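Participant: A structural model of the following input is requested.
(2 chains)
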Amino acid sequence: MSYVAICMFLMFLTTYLIRVIPISFVRRKLENEWIKDFLYYIPFCVLSAMTFPDVLYSTSATGSEPHISISAAVATAVAIIMAWRKRGLVAVAIVAVLVAIAVELLLPYLP
Amino acid sequence: MNEFIRGIKRGFPICLGYIPVSFTFGLIAVKMGFTPAQATIISLTNMASAGQFAGIRLIEGGAPYIELIITTFVINLRYFLMSLSLSQKVAPDMPFYKRAVMAYCITDEVFALSAMEPDEVSFPFFGGLMLTPILGWTSGTLLGAVASGLLSPMVQGCMGIALYCMFIAIIIPPARKSRKVALAVVVAAGLSCIFKYVPGINALSKVGGGGWSIITAAILGAAICASIKEVKRHHRAAMAASERRDA
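Facilitator: Down below sits the predicted model:
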């Protein structure tokens, strides 16, 4: 097998094992209140930690070094306002991309 | 069957959101020298955004197998916590094969939506929930791989924000409803920033493709919020006890 094929298999195996082990082997309901609360907060904390501050770097042109950009900051603000007003995931994601593109296009013309 | 249809309806917005993100993955993978088929297979077998981006960067650089395994492990370690959390939301007697199927699609978004279910998560519901996101993730990758070169690097770059804005759209509405969730979001974001910017501590974000700093920020954030709740619980219990004594 080629290097790339082996790597692809290793990525799959590692990712799948991480996901399959807890759900398959933890079969009883946890009683500890602290652990239950901890697991309740995990999705929010993971998504928040992944988003901030990395979102500010996320519109860097492909091939360039990731950097904080105005387009990302403006698009993030728009996304937060839209999410606050309970707009759906898709609307938020698409509008944010369009806003980022618009800001990138406008930037050269601003003083 | 109803549960399955309900799952599909809940999952469909994730599918649409995945298309621009996986499109970007396809574009980048082909630019790095992967074939469209390879890029699509990576998406189909991993269903993992950040882990895949990091993985192809390492493969392109010819990294040793062990480095690839460790980086993939660290970036995807959050799925371990999500899988553990999901184990509490399924029926205790659910057979192994159903759990093994569900495990394949524990992604950030699919997990978040299943975690917000008020009741137990059934196998048909989760099956419906994961179906269209898998299709969206793989077909988006293929489209991006084939369309590579049609879009300017600026537009390609801007599409990178789609993933994060999906995260924002998932966490903000519950944070608005619950002050505890809002606190969790703010604490985790603050810790994540500390791990990235504070000199010395930021060494954490420079290894494992940023995976360590995310997992540490998330674990600390959730632990802090759970502990605050624990303290309040004790406080309430103590108050109730003293009121009983007074009465």
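
Participant: so in chain B, which helix runs the longest?
Facilitator: helix B:211-246 (DSSP state H).

Participant: tell me the buried residues in that one?
Facilitator: Of the residues in helix B:211-246, B:211-226, B:229 count as buried by neighbour count, 16 or more other CB atoms under 10 Å in any protein chain shown. Yep, even glycine has a C-beta here, placed from its N, CA and C like the rest.

Participant: what does stretch A:5-17 give?
Facilitator: So stretch A:5-17, judged by 16+ other CB under 10 Å, has buried residues A:7-8, A:10-12, A:14-16.

Participant: run through who's touching that stretch.
Facilitator: A:1, B:38, B:41-42, B:45-48, B:51-52, B:55, B:58-59, B:65, B:68-69, B:72-73, B:76, B:79, B:103-104 (CB atoms under 8 Å, 6 or more residues apart in numbering or on different chains).

Participant: let me know the pLDDT of B:G190.
Facilitator: What the model reports for B:G190 is a pLDDT of 95.

Participant: equivalent analysis for B:G210, please.
Facilitator: 64.

Participant: repeat that for the one 4 residues further on.
Facilitator: Predicted confidence (pLDDT) at B:I214: the value is 77.

Participant: what sits against it?
Facilitator: By CB under 8 Å, 6+ apart, the neighbours of B:I214 are A:46, A:49-50, B:75, B:78, B:192.

Participant: neighbour count for those residues - can I get that in a markdown table?
Facilitator: Converted to a markdown table, these look like this (neighbours: other CB atoms under 10 Å in any protein chain shown):
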| residue | neighbour count |
| --- | --- |
| A:V46 | 28 |
| A:A49 | 32 |
| A:M50 | 27 |
| B:I75 | 28 |
| B:R78 | 28 |
| B:S192 | 27 |
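
Participant: quick one, which of those residues has the minimum pLDDT?
Facilitator: Among the contacts of B:I214, B:I75 has the lowest pLDDT, at 77.

Participant: pretty sure that residue sits against B:A50.
Facilitator: Yes: using CB atoms under 8 Å, B:I75 makes contact with B:A50 at a distance of 5.3 Å.

Participant: elements contacting the host helix or strand of B:G17?
Facilitator: Of the helices and strands defined by DSSP states H and E, B:G17 is found in helix B:2-31. Where contact means 3 or more CB pairs under 8 Å, 6 or more residues apart in numbering or on different chains; DSSP states H and E, helix B:2-31 is packed against helix A:89-106, helix B:36-46, helix B:49-60, helix B:108-115, helix B:123-147, helix B:153-159, helix B:161-177.

Participant: minimum distance to A:E33: which of the ones you listed has it?
Facilitator: Shortest distance between A:E33 and the helices and strands packed on helix B:2-31, using CB to CB, is found for helix B:108-115: 17.4 Å.

Participant: the helix or strand of chain A with the lowest mean pLDDT vs chain B: in contact?
Facilitator: Here the helix or strand of chain A ranked lowest by mean pLDDT, DSSP states H and E is helix A:33-51, holding a mean of 85. Yes: using CB under 8 Å from any CB of the partner chain, we find that helix A:33-51 touches chain B at A:33-51.

Participant: mind giving me the ChimeraX select for the residues you listed, buried ones only?
Facilitator: Filtering the residues of helix A:33-51 next to chain B down to the buried ones (16+ other CB under 10 Å) takes a single ChimeraX command:
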select /A:37,38,39,40,41,42,43,44,45,46,47,48,49,50,51
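
Participant: can you give me the separation between B:L163 and B:A169?
Facilitator: Applying CB to CB, to the nearest Å, one obtains 11 Å for the distance of B:L163 from B:A169.

Participant: same thing with A:I42?
Facilitator: 18 Å.

Participant: rewinding a little: joint contacts of B:L163 and B:A169?
Facilitator: A:A93.

Participant: coming back round to it: B:K89 is nearest to which of the helices and strands packed on helix B:2-31?
Facilitator: It is, among the helices and strands packed on helix B:2-31 and with distance given as CB to CB, helix B:108-115, at 6.7 Å.
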